[in-house]
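# pasting the sequence and the predicted coordinates here, then a few questions.
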Amino acid sequence: KAGVTQTPRYLIKTRGQQVTLSCSPISGHRSVSWYQQTPGQGLQFLFEYFSETQRNKGNFPGRFSGRQFSNSRSEMNVSTLELGDSALYLCASSSFRDWTDTQYFGPGTRLTVL
Amino acid sequence: DQQVKQNSPSLSVQEGRISILNCDYTNSMFDYFLWYKKYPAEGPTFLISISSIKDKNEDGRFTVFLNKSAKHLSLHIVPSQPGDSAVYFCAARLSGANSKLTFGKGITLSVRP
């Protein structure tokens, strides 16, 4: 079974621009979560989508948004980029048949904001 | 407010010896705990988990211990191998219908040949 895929793997943007990152979950998985990893803060939860609905949201400003499509693929968007948005953005999927189901992570998208 | 804490940023052990990675949490409502391993340029890989109703879970060389009264868990790797060198994240979640994981900041484990 193919794992979680994220595109693009690397991205360079300038302040003020916007960016869209994509995540394709493992086939059959309906839950997709997004995390931001920075050296100082570790992994921080952004939001989770399940069956096209945002089910949970972390403490990030409204510039960070996401959506999920009917095939469970998900995108996250960051508008008006700031230098501090430079980070590794990770997507994780799970089947969520049971709330203890394991989350499987993709390789991440490395975003650099100049 | 860091609800999951990994206070030691790094650990170095000799190949063949035991590695003990510690994690503390502050939220007593956490119901499920996980350990992930992360190599550079890759996403975290699930290692092992434990429910709050247990105090130990073992999977091959990896054992996780949970002490609920102390709000402490630890990951034991025996014997340690050079391929275990990576960043290890402790994570916790609440029970119920959402997948949010609260992570610690990670411990860098180096296993010396």
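Received, thanks.

# which residue is the nearest non-sequential neighbour of the residue nearest the centre of chain A?
Nearest to the geometric centre of chain A sits A:Trp34, at 3.1 Å (CA atoms, centre = their mean). Counting by CB to CB, 6 or more residues apart in numbering or on different chains, A:Trp34 lies nearest to A:Leu46, which is 4.1 Å off, once chain neighbours are set aside. (Glycine included, C-beta is placed from N, CA and C.)

# what residues are up against whatever residue of chain A ends up closest to chain B?
Proximity of chain A to chain B (CB to the nearest CB) peaks at A:Phe105, 3.4 Å away. By CB atoms under 8 Å, 6 or more residues apart in numbering or on different chains, A:Phe105 lies in contact with A:Val4, A:Leu90, A:Cys91, A:Ala92, B:Tyr36, B:Gly43, B:Pro44, B:Thr45.

# just to revisit the earlier point, need the contact list for the residue nearest to A:Trp34.
Neighbouring residues of A:Leu46 by CB under 8 Å, 6+ apart: A:Ser33, A:Trp34, A:Tyr35, A:Gln36, A:Lys57, A:Gly58, A:Phe60, A:Phe64, A:Gly66, A:Met76, A:Tyr89.

# now chain A, which segments are flagged as low pLDDT?
A:1, A:96-100 (pLDDT under 70).

# still on that earlier bit, who wins for neighbours among the contacts of A:Leu46?
A:Ser33 (28 neighbours; other CB atoms under 10 Å in any protein chain shown).

# now the residue of chain B found nearest chain A, nearest residue through space, not along the chain?
Nearest residue of chain B to chain A (CB to the nearest CB) works out as B:Gly43 at 3.4 Å. Distances taken as CB to CB, 6+ apart place A:Phe105 nearest to B:Gly43, at 3.4 Å, with adjacent residues excluded.

# likewise A:Pro107?
That would be B:Gly43: by CB to CB, 6+ apart, it lies 4.9 Å from A:Pro107.

# ok, A:Thr20 next?
Using CB to CB, 6+ apart, the nearest residue to A:Thr20 is A:Asn77, at 5.0 Å.

# OK, contacts around A:Leu81?
A:Lys13, A:Thr14, A:Arg15, A:Gly16, A:Gln17, A:Gln18, A:Val19, A:Val113.

# between those, which sits nearest A:Leu83?
A:Leu83 has its nearest neighbour among the contacts of A:Leu81 in A:Val113, at 5.4 Å by CB to CB.

# for A:Leu21, see how far away the closest one is.
Using CB to CB, to the nearest Å, A:Val113 is found at 13 Å from A:Leu21.

# next one: B:Pro113
Distance from B:Pro113 to A:Leu21, counting by CB to CB: 38 Å.

# now A:Ser86
13 Å.

# can you pull the residues that touch both of those two?
A:Leu111.

# which one of these two is surrounded by more residues?
With neighbours defined as other CB under 10 Å, A:Ser86 and A:Leu21 compare such that A:Leu21 has more, 21 against 15.
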